[in-house]
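K.L.:
Dropping a prediction and its sequence here:
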Amino acid sequence: MKTDVKDENNANRIIRQVSKEMGIPFYELFSKSRNHRIVFPRQLAQTILLEKGYSEAKVADLFRQHRTTIYNAVESIEGWKVSDKKKAAEIKRIRDLMFQD
């Protein structure tokens, strides 16, 4: 799927902000790493992009992943919001930053 350049620039800005807030290099969020240090911020960025109106297909294209992986990211973030108070606070803090306009 081809992504519009403006959409991709906006998406990259969101991903950069998440990477900065989480202390993870931008490029690592696009890696295939399954290390939790990378996976959690990647899944959070993917979830925020969906909440900002990007389709699962566009987010999957940006991260070079299958759309079902994006669906799983949302499920994981929702699960952490319920099961882990520390992660829930981190998710809320970063979401609040992204949606403060």
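P.N.:
Everything's here; your move.
K.L.:
now the lowest-mean-pLDDT helix or strand in the chain, how far from the chain's geometric center?
P.N.:
Lowest by mean pLDDT, DSSP states H and E among the helices and strands of the chain is helix 5-22, with a mean of 90. Mean-position distance between helix 5-22 and its chain equals 9 Å (CA atoms, centre = their mean, to the nearest Å).
K.L.:
For it, which helices and strands make contact with it?
P.N.:
For helix 5-22, the packing partners by 3 or more CB pairs under 8 Å, 6 or more residues apart in numbering; DSSP states H and E come out as helix 36-51, helix 56-63, helix 85-98. Yep, even glycine has a C-beta here, placed from its N, CA and C like the rest.
K.L.:
and those helices as TSV, adding mean neighbour count?
P.N.:
Shown next, in TSV, are those (neighbours: other CB atoms under 10 Å):
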stretch	mean neighbour count
helix 36-51	20
helix 56-63	20
helix 85-98	14
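K.L.:
closest one to residue 78 among the ones you listed?
P.N.:
The closest of those to residue 78 is helix 36-51. By CB to CB, the value is 8.3 Å.
K.L.:
that older thread, restrict the least confident helix or strand of the chain to CA atoms and write it as PDB.
P.N.:
Extracted in PDB, the C-alpha atoms of helix 5-22 (Å, rounded to 0.1, in the frame of the first residue of the first chain):
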ATOM      1  CA  VAL A   5       4.100  11.800   1.700                       C
ATOM      2  CA  LYS A   6       2.300  14.300   4.000                       C
ATOM      3  CA  ASP A   7       0.700  11.400   6.000                       C
ATOM      4  CA  GLU A   8       4.100   9.700   6.300                       C
ATOM      5  CA  ASN A   9       5.700  12.900   7.500                       C
ATOM      6  CA  ASN A  10       3.000  13.400  10.100                       C
ATOM      7  CA  ALA A  11       3.200   9.800  11.100                       C
ATOM      8  CA  ASN A  12       7.000  10.000  11.400                       C
ATOM      9  CA  ARG A  13       6.600  13.100  13.600                       C
ATOM     10  CA  ILE A  14       4.400  11.100  16.000                       C
ATOM     11  CA  ILE A  15       6.700   8.200  16.000                       C
ATOM     12  CA  ARG A  16       9.700  10.500  16.700                       C
ATOM     13  CA  GLN A  17       7.900  12.000  19.700                       C
ATOM     14  CA  VAL A  18       7.100   8.600  21.100                       C
ATOM     15  CA  SER A  19      10.700   7.400  20.600                       C
ATOM     16  CA  LYS A  20      12.000  10.600  22.300                       C
ATOM     17  CA  GLU A  21       9.600  10.200  25.300                       C
ATOM     18  CA  MET A  22      10.400   6.500  25.700                       C
END
